[in-house]
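Colleague: Kindly return the folded structure for what I paste below:
(2 chains)
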Number of protein chains: 2
Amino acid sequence: MSKSNFKPYTDYKEYPVDEMRKRAKSFYEDMKRRRAVRDVSDRTVPREIIEDCLRRAGTAPNGANKQPWHFAVVSDGSGKKEIRQAAEEEQEFYKNRATDEWLKALAPLGTDASKPFLEEAPYLIAIFQKSYVIKEGDEKETFYYVKESVGIATGMLITAIHNAGLASLTHTPGPWDF
Amino acid sequence: MSKSNFKPYTDYKEYPVDEMRKRAKSFYEDMKRRRAVRDVSDRTVPREIIEDCLRRAGTAPNGANKQPWHFAVVSDGSGKKEIRQAAEEEQEFYKNRATDEWLKALAPLGTDASKPFLEEAPYLIAIFQKSYVIKEGDEKETFYYVKESVGIATGMLITAIHNAGLASLTHTPGPWDF
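Modeller: Next up, the predicted model:
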């Protein structure tokens, strides 16, 4: 491997094997409790908790370290309402676009196009993937392994939210282009 | 929202807000230490630790709960050797396929086509995404949001490995079709 001018990795923390074993097991036991929650509380949550969870997502490994993601936190009523309205256009998905097989797969989950939780939840986090950016002077900068990187960061975000003691719902939008 | 025959979510653990705050912050501080490590030790690690980390990845939210992933753990010498040889065909990527812009983005990371760590590391975990399966009777079952789901599970896996006190390297293969 070619040499690079990196700083030594002094932050590494090694645990004795027995502690590793315990940590792996208890982390699994704790995460096993996580569920996607569609019945949410409207109680407020300090924004700094959400920000720390997002910072944590931002530590994810990603293609060439270009961090091809954008997280937008929406907490105001009118923003949430707008997103709910756009999301409820999923009705179109449930009525027309979804295959019978897909609808059958979703049936036991009891999901449908009605999304009141999008207005009730204290925070919505919109996750965008960036395929490229246009820099000054119209120069295009390409990003790599975008879907993989954003997925990994999202996995870390969901973990952080659960770890903080909050519930989350991963919602993949239907035809959103607003 | 339509009703479903789910069990009540009794496993939810709520923390007082101050503890939430602390948990979010310390989780971020801890994950900030994570680095992709290319200089690995060949010391053994009990397989159950890896298995618990994988179980944890398997709790990830995913499209219609079809768990469209397959994790393969390789720890034997000949398996690792075979993977290294295939991976080093990335030389072709560095020589011909990568754009100049891509190579420039990778330069500060000091990566190249030589991958001795693939034989040195005690475990390689190959992550596959399943777009569909062919069931008995030649029936095809489709999976949904495959890349997103596998990405989230991978983010959870990397977190679990770090939390256990182990280092990992996320490696996205070049032209692998073996």
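Colleague: shaky segments in chain A?
Modeller: Residue ranges of chain A with pLDDT under 70: A:1-6, A:90-98, A:109-110, A:173-178.
Colleague: what's around residue A:137, how many residues?
Modeller: When neighbours are counted by other CB atoms under 10 Å in any protein chain shown, residue A:137 registers 5. From N, CA and C alone the C-beta is placed, and that goes for glycine too.
Colleague: With residue A:159 instead?
Modeller: Count around residue A:159 with other CB under 10 Å applied: 30.
Colleague: State the distance from it to chain B.
Modeller: Distance, residue A:159 to chain B, by CB to the nearest CB, to the nearest Å: 5 Å.
Colleague: what residues are up against that residue?
Modeller: Neighbouring residues of residue A:159 by CB atoms under 8 Å, 6 or more residues apart in numbering or on different chains: A:31, B:155, B:156, B:159.
Colleague: Quick one: residues in contact with whichever strand or helix holds residue A:51.
Modeller: Residue A:51 is part of helix A:47-57, with elements assigned from DSSP states H and E. With contact meaning CB under 8 Å, 6+ apart, helix A:47-57 is reached by A:69, A:71, A:73, A:75, A:123, A:125, A:153-154, A:156-157, A:160-161, A:164, A:166, B:20-21, B:24-25, B:27-28, B:31-32.
Colleague: hmm, which of those are the buried ones?
Modeller: A:69, A:71, A:123, A:125, A:153-154, A:156-157, A:160-161, A:164, A:166, B:20-21, B:24-25, B:27-28, B:31 (16 or more other CB atoms under 10 Å in any protein chain shown).
Colleague: helix/strand/coil for residue A:128?
Modeller: Per DSSP: H, G, I helix; E, B strand; the rest coil, the secondary structure class of residue A:128 is strand.
Colleague: sorry, back to before: just the ones in helices from the contacts of helix A:47-57, please.
Modeller: A:153-154, A:156-157, A:160-161, B:20-21, B:24-25, B:27-28, B:31 (DSSP state H).
Colleague: Distance to residue A:114 for these - can I get that in TSV?
Modeller: What follows is these, written out as TSV (distance: CB to CB, whole Å):
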residue	distance to residue A:114
A:153	29
A:154	24
A:156	30
A:157	25
A:160	28
A:161	24
B:20	29
B:21	33
B:24	31
B:25	36
B:27	33
B:28	35
B:31	36
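Colleague: Which residue would be the closest one in chain A to chain B?
Modeller: residue A:151 (1.3 Å; CB to the nearest CB).
Colleague: Now the phi/psi pair for that residue, please.
Modeller: Torsion angles at residue A:151 (phi, psi; degrees, to the nearest 10) stand at phi -60, psi -50.
Colleague: any idea what sits nearest the most centrally placed residue in chain A, other than its immediate chain neighbours?
Modeller: For chain A, residue A:154 is the residue whose C-alpha lies nearest the centre (CA atoms, centre = their mean; 3.4 Å). Once flanking residues are discounted, residue A:154 sits nearest to residue B:152: 5.2 Å by CB to CB, 6 or more residues apart in numbering or on different chains.
Colleague: ok, now which ones touch the one you found?
Modeller: So residue B:152 contacts A:151, A:152, A:154, A:155, A:158, A:170, B:60, B:61, B:62 (CB under 8 Å, 6+ apart).
Colleague: Roughly how far does it sit from residue A:153?
Modeller: 9 Å (CB to CB, to the nearest Å).
Colleague: tell me the contacts of the nearest residue to residue A:17 once chain neighbours are set aside?
Modeller: In space, and not counting its chain neighbours, residue A:17 is closest to residue B:46: 6.4 Å by CB to CB, 6+ apart. Under the criterion of CB under 8 Å, 6+ apart, the neighbours of residue B:46 are A:17, A:20, A:21.
Colleague: got it, and residue A:149?
Modeller: A:60, A:61, A:62, A:63, A:67, A:68, A:69, A:129, A:143, B:151.
Colleague: what two of the residues you listed are the furthest from one another?
Modeller: Farthest-apart pair in the contacts of residue A:149 is A:61 and A:129; separation 15.2 Å (CB to CB).
Colleague: more neighbours, those two?
Modeller: Higher neighbour count among residue A:61 and residue A:129: residue A:61, with 22 against 17, using other CB under 10 Å.
Colleague: what's the closest non-adjacent residue to that one?
Modeller: residue B:170 (4.3 Å).
Colleague: And residue A:12, which helix or strand is it part of?
Modeller: Per DSSP H and E, there is no helix or strand for residue A:12.
Colleague: What is the burial count for it?
Modeller: Around residue A:12 there are 14 residues (other CB under 10 Å).
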